[in-house]
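Undergrad: Build me a structure from this.
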Amino acid sequence: MEGKEERPHRALLAPAPEQFQETELLLQDLKEGRADAFERLWRRFLPGLQVLVNGRIRRGLGPGMRQHLEAEKEDILQQVMIKAYRSLDTFTYRGPGSVLAWLTRIAENEYKHRLEYWRAGRRAPAREAAPPAGETTGVREPLLPGTGPGPATRSDLAEKRERVARALAGLERRHQEILYYRFFGGASWQELARILDAPSPDAVRMECNGKALPALAAALSRA
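TA: As a prediction, this is how the structure comes out:
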């Protein structure tokens, strides 16, 4: 019998809950120099960052500005990956949701940086160079999930992610955050209560099940 949270994960194109259980082990592997640890960590949280960036681009931008940033989505995520890798020593782990919160701050800053450059009429913002030999992130190309198969598969996946981004963007900000950190960040109810400053884990769980998920279902049916 499927778990009651499996359907929301599938609808959101989010990783399965059990995939977040090894987050702390991956961070430990990184400290011990395991070459593939960062790639595995990055791919775990990438779907949430894709939804975040898609949502930001779709909300409150004119057609011209949206077109510029749409063309740079993959480059924005590439820069987030590089900056996250280089700032690992500044990160303090407090649960899987804390990893997504950290990556989200980097992504928000990178997105704002790009937006400011385009609004200033410049051709392209400065980019941080990829790590040189000996300082590899361990992430192999293709960077983004779904970019390996043919164009039809990539297009279908991109369309589905756009639909999820539209649905989430139409929700109340608090409901967005509950669903984002719970399903794309693997945050426990205890961690989610701390991230959102909720009265208790039970309170945020009831808000998720009683309000955020029904709102999501309605938004997905319209998206």
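Undergrad: His113: neighbouring residues, count only.
TA: 13 (other CB atoms under 10 Å). For the C-beta atoms, the positions are set from N, CA and C on the backbone; glycine is no exception.
Undergrad: Look up phi and psi at it.
TA: phi -60, psi -50 (degrees, to the nearest 10).
Undergrad: Kindly state the pLDDT recorded for it?
TA: With respect to pLDDT, His113 scores 85.
Undergrad: repeat for Ala120
TA: Ala120 is given a pLDDT of 79.
Undergrad: now do the one 5 residues further on
TA: Per-residue pLDDT puts Pro125 at 57.
Undergrad: Glu70 now?
TA: 78.
Undergrad: repeat for Pro63
TA: Per the predicted model, pLDDT is 73 at Pro63.
Undergrad: How about Arg40?
TA: 92.
Undergrad: Please give the element, helix or strand, for it.
TA: Element membership for Arg40, per DSSP states H and E: helix 37-58.
Undergrad: can you give me how far the helix or strand just after that helix is from the chain middle?
TA: Using DSSP H and E, the helix or strand that follows helix 37-58 in sequence is helix 63-71. Centre-to-centre, helix 63-71 and its host chain are 20 Å apart (CA atoms, centre = their mean, to the nearest Å).
Undergrad: Give me the angle between the helix holding Arg40 and helix 63-71.
TA: 170 degrees (axes from the mean of the first three to the mean of the last three CA atoms, to 10 degrees).
Undergrad: could you say what helices and strands helix 37-58 packs with?
TA: Judged by 3 or more CB pairs under 8 Å, 6 or more residues apart in numbering; DSSP states H and E, helix 37-58 is in contact with helix 23-31, helix 63-71, helix 73-86, helix 96-119, helix 151-169.
Undergrad: Any buried residues in it, and which?
TA: 37-42, 44-58 (16 or more other CB atoms under 10 Å).
Undergrad: In JSON lines: the helices and strands packed on helix 37-58, plus distance to Arg205.
TA: Shown next, in JSON lines, are the helices and strands packed on helix 37-58 (distance: least, CB to CB, whole Å):
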{"stretch": "helix 23-31", "distance to Arg205": "20"}
{"stretch": "helix 63-71", "distance to Arg205": "35"}
{"stretch": "helix 73-86", "distance to Arg205": "29"}
{"stretch": "helix 96-119", "distance to Arg205": "14"}
{"stretch": "helix 151-169", "distance to Arg205": "19"}
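Undergrad: Which one of those lies nearest to Gly210?
TA: helix 151-169 (17.8 Å; CB to CB).
Undergrad: packing partners for the closest one?
TA: Going by 3+ CB pairs under 8 Å, 6+ apart, helix 151-169 lies up against helix 6-12, helix 37-58, helix 173-179, helix 213-222.
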